[in-house]
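> structure here, sequence nowhere to be found:
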């Protein structure tokens, strides 16, 4: 059974702490901001003025410049709000980071419906699904600050580009207590009772999944890496009915890289969720609150 | 001076450099043999390419030398011009380029930096190479390296918003090791011309040099000129410079992406000879 985690900071602060720690020993670390998170990085800016750029509200250029920095052997992190950094700049990521082989670290904030109150212009749900289709791209959706720290340290200095998706609403579960520090590409089996139904989830929504299903007769699997997807973990439950719970696209498609699975997607509707309010309001409305998830899993159990 | 050059006002009137002439001959021959290539847009940039490769620090025997300067052809559809220039400067034999556009060959109709020695970026989608070059120039400065980055963009390409985003970033960060060559070949006269490009770049904070884009010496002087921020060389060119079939009438549009048949090849080579004499 999972215990609550003792996270002292949110994911954005953790991002700053991790990058700042890396910069102390790695002079190749460079930060490129799109006029966001300047407060978090104010000390980084003071300490490393030649490696910090609040470059402007020009996401396409931020990505390409970051690729150019990578080409010169630097280890840049480019960071701003998710829909603008990813949805707007897919071609720059595809060509300048992936096709050119220059790499770079993309770190977004404002995952899924974190900015529910801002309406659909600020919602992000295609990012994981699109980026996982790009050759060489790594796609990471940490669910907690400690996962973020571990995953960045493992991946930031690789030749291939990596997407790290931050959220203001991390899960608060101590997954490390059962599996140790997060490892890129390795899923966490939260519960395996040999049941006929398996619930799979990724990122912060796992909090609701765990609350909804922890006492149900189901196996529960958690992913913080969408690409590479942990195919061994998928294979372990390939003979069960799988319900994939995700407040985005991408996990469902990644799990189904394994052929022949019986999967159900419990996630986003085919409409803009522009009802304002909080992330919790949106999740409840589309059945991604604990009650909605539980009802879906129970209905699957009833038909099993 | 040819009729085309006379029409272009300050463009032309300078004897064509022998290497520039040879590069143009090879562009025609490769396009004829392969059935691929954007000839007129390649012709407008030959002197710019020669000027860059005459001036920048590079060694064709060491295309990955960490001390080298970098050139990115942002308007990647002029790849044939780049390949024939790289061959002329010793990066590979021109014979290799004859596989242009063919399956499993090195030389695609847009350059792949993983395959072509000397190609520093894989370009083709417009408005990317300039941003990559800015990132490279910034990276060189972060590492305190006295290296330069060059990129060549088209006037049509400059309809793309990323060109202007990047110019703002480059000027704001005073990238005095970045030089942008702007091919003002009037290709956008039927669409959305970037009129008064020099004034626009100046307004964006760049140091601007306006030159005859077919005057090799003038281009090299502009490249040599000291700079305190990003430099833009607005090179006034004729699309298809060197062959009247390209540069007169609707030639530049008719030949935009057309390869000459045998008799047309001979005609074009003849026009080039007559022009260069």
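On my side now, so go ahead. Just so we're clear, the structure is a prediction, and the values are computed from it rather than from any experiment. Numbers count the residues shown, from 1 in each chain, chains lettered A, B, ... in the order given.
> please enumerate the strands of the stretch 51-200 of chain B.
B:70-73, B:149-154, B:178-184 (DSSP state E, counting those that start in this stretch).
> nope, the stretch 201-304 of chain A is what I was after
Under DSSP E, counting those that start in this stretch, the stretch 201-304 of chain A gives strands at A:219-223, A:225-227, A:241-245, A:262-266.
> so for chain B, which of those sits nearest?
Closest to chain B of the strands of the stretch 201-304 of chain A is strand A:225-227 (Cβ to the nearest Cβ; 21.5 Å). Where C-beta positions appear, they are placed from N, C-alpha and C, glycine not excepted.
> give me the contacts around the closest one.
Here strand A:225-227 makes contact (Cβ atoms under 8 Å, 6 or more residues apart in numbering or on different chains) with A:128, A:131-132, A:137-141, A:151, A:184-187, A:202, A:250-251, A:254.
> pull up the pairing partners for that strand, direction included.
Its sheet considered, strand A:225-227 pairs with strand A:138-140 (antiparallel) by DSSP bridges.
> helix or strand with the lowest mean pLDDT in the chain?
Using chain A. Counting by mean pLDDT, DSSP states H and E, chain A has its least confident helix or strand at helix A:176-179, which shows a mean of 90.
> so who does residue A:62 touch?
A:32, A:34, A:55-56, A:78, A:80, A:85, A:89.
> mind doing that once more with 6 Å?
Applying Cβ atoms under 6 Å, 6 or more residues apart in numbering or on different chains to residue A:62 gives the contacts A:32, A:34, A:55, A:78.
> what's the neighbour count on the first one?
Other residues within reach of residue A:32, judged by other Cβ atoms under 10 Å in any protein chain shown, total 27.
> isn't there a strand covering it?
Yes - assessed with DSSP: H, G, I helix; E, B strand; the rest coil, residue A:32 lies in a strand.
> report the secondary structure state of residue A:101.
Classified using three-state DSSP, residue A:101 is coil.
> quick one, grab the pLDDT at it.
Looking at residue A:101, its pLDDT stands at 98.
> quick check: closest non-adjacent residue to it.
The shortest distance from residue A:101 to any non-neighbouring residue, by Cβ to Cβ, 6 or more residues apart in numbering or on different chains, is to residue B:114 (6.5 Å).
> still on that earlier bit, now tabulate the strands of the stretch 201-304 of chain A in CSV and tack on mean pLDDT and mean neighbour count.
Converted to CSV, the strands of the stretch 201-304 of chain A look like this (pLDDT from 0 to 100; neighbours: other Cβ atoms under 10 Å in any protein chain shown):
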stretch, mean pLDDT, mean neighbour count
strand A:219-223, 98, 26
strand A:225-227, 98, 25
strand A:241-245, 98, 24
strand A:262-266, 98, 16
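> distance to residue A:292 added to those strands, as JSON lines?
Converted to JSON lines, the strands of the stretch 201-304 of chain A look like this (distance: least, Cβ to Cβ, whole Å):
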{"stretch": "strand A:219-223", "distance to residue A:292": "16"}
{"stretch": "strand A:225-227", "distance to residue A:292": "22"}
{"stretch": "strand A:241-245", "distance to residue A:292": "10"}
{"stretch": "strand A:262-266", "distance to residue A:292": "8"}
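> residue A:280 is nearest to which of the ones you listed?
Closest approach to residue A:280 among these is made by strand A:241-245 (15.6 Å; Cβ to Cβ).
> so that closest one versus strand A:219-223, what angle?
40 degrees (axes from the mean of the first three to the mean of the last three Cα atoms, to 10 degrees).
> other SSEs contacting strand A:241-245?
strand A:197-202, helix A:251-255, strand A:262-266 (3 or more Cβ pairs under 6 Å, 6 or more residues apart in numbering or on different chains; DSSP states H and E).
> the longest one: how far from the chain's middle?
Relative to its parent chain, strand A:197-202 has a centroid offset of 16 Å by Cα atoms, centre = their mean, to the nearest Å.
> and for whichever residue of the stretch 1-150 of chain A sits closest to chain B, the neighbour number?
Chain B sits closest to residue A:68 of the stretch 1-150 of chain A, with a gap of 1.8 Å, by Cβ to the nearest Cβ. Residues near residue A:68, counting by other Cβ under 10 Å, number 32.
> which residues touch the nearest residue to it once chain neighbours are set aside?
Once flanking residues are discounted, residue A:68 sits nearest to residue B:135: 1.8 Å by Cβ to Cβ, 6+ apart. Neighbouring residues of residue B:135 by Cβ under 6 Å, 6+ apart: A:65, A:68-69.
> which one of those residues sits closest to residue A:44?
Closest to residue A:44, out of all of these and judged by Cβ to Cβ, is residue A:69, at 15.9 Å.
> does the closest one lie in a helix or a strand, and which?
Taking DSSP states H and E as the definition, one finds residue A:69 inside helix A:59-71.
> gap between whatever helix or strand comes next after that helix and the chain center?
Sequence order places strand A:75-81 as the next helix or strand after helix A:59-71, per DSSP H and E. How far strand A:75-81 lies from its chain's middle: 15 Å, per Cα atoms, centre = their mean.
> and which of the contacts of residue B:135 is nearest residue B:39?
For these, the nearest to residue B:39 is residue A:68 (29.9 Å; Cβ to Cβ).
> returning to what we had before: columns mean pLDDT and mean neighbour count on top of the strands of the stretch 51-200 of chain B, output as JSON lines?
Listed next are those as JSON lines, based on pLDDT from 0 to 100; neighbours: other Cβ under 10 Å:
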{"stretch": "strand B:70-73", "mean pLDDT": "98", "mean neighbour count": "28"}
{"stretch": "strand B:149-154", "mean pLDDT": "98", "mean neighbour count": "28"}
{"stretch": "strand B:178-184", "mean pLDDT": "98", "mean neighbour count": "29"}
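> could you dump the ones you listed to a markdown table with distance to residue A:95?
Conversion of these to a markdown table gives the following (distance: least, Cβ to Cβ, whole Å):
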| stretch | distance to residue A:95 |
| --- | --- |
| strand B:70-73 | 13 |
| strand B:149-154 | 15 |
| strand B:178-184 | 19 |
